[in-house]
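>>> return a 3D structure for these sequence lines:
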Amino acid sequence: MHISIYWLVSVYDLSMIHVPINAITWSLGAAGLYVFGLKSWRSYRRTKNPLARMYCALGLTFGTALFFYGVPGLLTQNLHILRVTYFLADLFVQISLQVQVWILWFLGMRNRIRLDYLYLVTIPFSTVLMTLQALTSHVGLTSSPYLITYVDKPAVLILKSIIYMGLAMPIGYFLIRQVPNQAVSSAKLKTLVSGLTFIIVGVAATYNNIFDKGSDTQQSAAVIGVFFTIFLLVQLLRPTAHAPDRQ
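Numbers count the residues shown, from 1 in each chain. Here you go, the predicted structure:
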């Protein structure tokens with residue numbers, strides 16, 4: 001499937017699109033995550049499952065990060081504005097990562113360590129990362145292909161990759177593990193796609209950090225855009241319950 005998506009990118013001329021390609025990609029992701037978060041909240045109100053509340057927090061915080069990555073780029077080419085909105089996006093990424101710490105603690109570590117002890121490590125880590133990004137990151141635009149570029153220093157990229165692989169990947173794994181706990185086929189499909197999306201985005205982000213200095217390419221934006229579209233469509237399926245009935 002990965003190869004076929006790259007083939008589609010080579011066949012269709014994405015340069016004809018008159019807004020940044022990756023702005024469309026991240027906007028689709030924001031829409032999918034907002035639906036994911038809101039449906040998780042509805043599930044929490046019905047079941048009182050604390051994991052559903054955590055998924056809600058994750059969907060809304062990560063969705064807001066993708067909103068700031070995507071929507072401003074659809075509306076303006078002002079690099080000063082885009083630098084501010086990209087910084088806000090990175091801030092919400094770090095907030096969403098703290099939510100992921102909460103989820104991972106709840107799923108596998110709550111009987112071994114207190115959550116606030118974990119935050120004594122992860123919050124300073126995020127603070128250092130955000131400070132480095134504010135001081136060193138650069139935003140630009142390319143015309144062929146039409147992309148917003150966001151370039152970080154190697155130290156920032158290394159720290160980001162550690163976070164993505166250490167948190168986003170386990171979240172995807174735990175979501176996939178919840179597939180057998182779902183009562184109906186549509187809920188199983190939603191959980192499976194949600195887990196795969198977190199894994200794919202984590203791998204793609206790490207790949208970009210290593211090979212593209214943290215910036216999107218036409219191919220990566222197209223591939224992630226396809227998966228975000230699938231993710232959004234699956235989240236719109238009924239029934240509305242998403243979170244697992246059992247922990």
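
>>> let me see the backbone angles for Ser143.
Per-residue torsions, Ser143: phi -100, psi -20 (degrees, to the nearest 10).

>>> so which residue is dead centre in the protein?
The centre of the chain sits closest to Phe62, judged by CA atoms, centre = their mean, with a distance of 5.7 Å.

>>> host element of that residue?
Secondary structure assigned from DSSP states H and E places Phe62 in helix 50-75.

>>> and that helix, what does it pack onto?
The helices and strands touching helix 50-75, judged by 3 or more CB pairs under 8 Å, 6 or more residues apart in numbering; DSSP states H and E, are helix 21-47, helix 79-104. Every C-beta, even on glycine, is put in place using the N, C-alpha and C of the backbone.

>>> let's have those in JSON lines, adding mean neighbour count, mean pLDDT and distance to Leu147.
Conversion of the helices and strands packed on helix 50-75 to JSON lines gives the following (neighbours: other CB atoms under 10 Å; pLDDT from 0 to 100; distance: least, CB to CB, whole Å):
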{"stretch": "helix 21-47", "mean neighbour count": "21", "mean pLDDT": "92", "distance to Leu147": "5"}
{"stretch": "helix 79-104", "mean neighbour count": "19", "mean pLDDT": "91", "distance to Leu147": "12"}
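
>>> quick one: which of the ones you listed is nearest Ala205?
Set against Ala205 and scored by CB to CB, the helices and strands packed on helix 50-75 come closest in helix 79-104, at 9.6 Å.

>>> can you check what angle separates the closest one from helix 21-47?
30 degrees (axes from the mean of the first three to the mean of the last three CA atoms, to 10 degrees).

>>> how far off centre is helix 79-104?
10 Å (CA atoms, centre = their mean, to the nearest Å).

>>> same for that helix, what does it pack against?
When contacts are defined as 3+ CB pairs under 8 Å, 6+ apart, helix 79-104 sits against helix 50-75, helix 115-136, strand 138-143, strand 146-151, helix 169-177.

>>> any chance of JSON lines for these, columns mean pLDDT and distance to Phe228?
Conversion of the helices and strands packed on helix 79-104 to JSON lines gives the following (pLDDT from 0 to 100; distance: least, CB to CB, whole Å):
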{"stretch": "helix 50-75", "mean pLDDT": "93", "distance to Phe228": "8"}
{"stretch": "helix 115-136", "mean pLDDT": "90", "distance to Phe228": "23"}
{"stretch": "strand 138-143", "mean pLDDT": "86", "distance to Phe228": "21"}
{"stretch": "strand 146-151", "mean pLDDT": "86", "distance to Phe228": "16"}
{"stretch": "helix 169-177", "mean pLDDT": "82", "distance to Phe228": "14"}
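
>>> closest to Val101 out of those?
Comparing the helices and strands packed on helix 79-104 by CB to CB, helix 115-136 comes nearest, at 5.2 Å.

>>> can you pull the buried residues of that closest one?
Residues of helix 115-136 classed as buried: Leu118, Tyr119, Thr122, Phe125, Ser126, Leu129, Met130, Leu132, Gln133 (neighbour count, 16 or more other CB atoms under 10 Å).

>>> grab the nearest non-local neighbour of the third one.
In this structure, Thr122 finds its nearest non-sequential neighbour in Val101, 5.2 Å apart by CB to CB, 6 or more residues apart in numbering.

>>> the one you found and Arg110, how far apart?
Between Val101 and Arg110 the distance, using CB to CB, to the nearest Å, works out to 12 Å.

>>> before we move on, what about Leu159?
Between Leu159 and Arg110 the computed distance is 26 Å (CB to CB).
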